[in-house]
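Participant: How does the following fold in three dimensions:
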Amino acid sequence: MEIGTVFFMLITLIFVILGFIKKNSIFLFVLQLLWMYILLAGNLNSIDMGVHQLIFESSQSGDNYTLYSYLCYLSGTNGLNFIQLNAILLIFAIGAICYIVYNFSKNYCFVMSLYFLYPFIDCVIQKRFFIASIIGLIGMIFLFKNKKFIFSLLIIISGFIHQAAFGFFIYLLIPILMRSKNKKIILIFLLFIVILLMPFITDILSIFFSSEKVELYFNILHEKIKYPILSFILWSVFHIGFVYLYYRFYKSCKIYIKDSSIDFISFVWYLNLISLLIVPLYYWEPTFIRIYRSMILFNYISISLVLPKGQIYYKKVFYNALNFIIYSIIAFIGVYFLLGAGYESIVEPIFLNNILLEIM
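Facilitator: Numbers count the residues shown, from 1 in each chain. Below is the predicted model of the structure:
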């Protein structure tokens, strides 16, 4: 491992630890955002870089059917390359994260530290989906305010950047679940419908998406999984673990939280519940977790809402926060070292091949 790589990883670790200590320092928050931008925008050789470069180059033919490919085309005709386009788009993405975390969280540095642990590395790798997911996060804010039309519009925009973002439409079920008197029955019924549709899922999705995409996720990538059942169990448990931890947190909040923050905390609980409808899809490919993974940021924000602004943690609150810190560390180790392509393919290139870090 190169000295520079170790140094930049150490800087990231320091920002994570400081975020847990100085939970609401504006100065530290700005530094965390700046460091996040450097790692995202300067990255030159993540595992999916070849795919992104190919999309950018293919768009220069002028046959562009999505918003993202059209942005690539405009960038190419104006002398920009993919790295430069990505750097520009990330200014808006990081700005959106700043707005969401700062306005909805009392302890923004704490939120950013958890986000650095998981799922930040995936954000660096899946550059196009990251941009789409940020638009989806803004859409969720409007859904929280019961502005379903604006939410739908933003999800359509995000879907034209990355088709997987259309999966965020499942969260339109949240208002239905919130209003229902028998929430468990409704959720079980919805899961039952999803399971019944599983044998026909490829035919259904082929109506809305390109056959190439459906073939990729449900056949090509699925066939590369050596033990589909084991993979399904691991990723399902991983997802349900986040939901269960949030359930424990939510139950305690219903008892102790009396201010308006409980509305947001409750909304995020329903978000977690609806996300369980994605779980059956893990049998084909664990990449479907990205539909839920993006929304984990809201879990972190909810946790931060009940933390004191100072450095003192109350016992009950401390255990809830500690559970999420430990689980985020487990997620970091499990996803990026054990379940995925491994440290050398996923983690190291983020710090080893970065144009901005090389300049520094």
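
Participant: For residue 292, which residues are in contact?
Facilitator: Residue 292 sits next to 239, 242, 275, 278 when contact means C-beta atoms under 8 Å, 6 or more residues apart in numbering. All C-beta spots, glycine's among them, are computed from the backbone N, C-alpha and C.

Participant: Confirm that it sits in a helix.
Facilitator: Yes: according to DSSP: H, G, I helix; E, B strand; the rest coil, residue 292 belongs to a helix.

Participant: Can you tell me which of the contacts of residue 292 is closest to residue 132?
Facilitator: residue 278 (16.2 Å; C-beta to C-beta).

Participant: is it true that the closest one touches residue 167?
Facilitator: Yes: with contact defined as C-beta atoms under 8 Å, residue 278 counts as touching residue 167 (7.4 Å).

Participant: tell me, what's touching the two both at once?
Facilitator: Common neighbours of residue 278 and residue 167 (C-beta under 8 Å, 6+ apart) are 288, 291.

Participant: Chain neighbours aside, what residue packs nearest to residue 154?
Facilitator: Nearest in space to residue 154, with sequence neighbours left out and distances taken as C-beta to C-beta, 6 or more residues apart in numbering, is residue 139 at 3.6 Å.

Participant: My guess is the one you found contacts residue 156. True?
Facilitator: No: with contact defined as C-beta under 8 Å, residue 139 does not reach residue 156; the gap is 9.4 Å.

Participant: These two: who's more crowded?
Facilitator: residue 139 (26 against 16; other C-beta atoms under 10 Å).

Participant: how near is that one to residue 289?
Facilitator: Distance, residue 139 to residue 289, using C-beta to C-beta, to the nearest Å: 19 Å.

Participant: who are the neighbours of the helix or strand where residue 230 lies, in terms of helices and strands?
Facilitator: According to DSSP states H and E, residue 230 maps onto helix 228-256. For helix 228-256, the helices and strands in contact under the criterion 3 or more C-beta pairs under 8 Å, 6 or more residues apart in numbering; DSSP states H and E are helix 261-275, helix 296-305, helix 315-333.

Participant: which residues of the stretch 51-200 of the chain score low on pLDDT?
Facilitator: For the stretch 51-200 of the chain, not a single residue meets the criterion pLDDT under 70.
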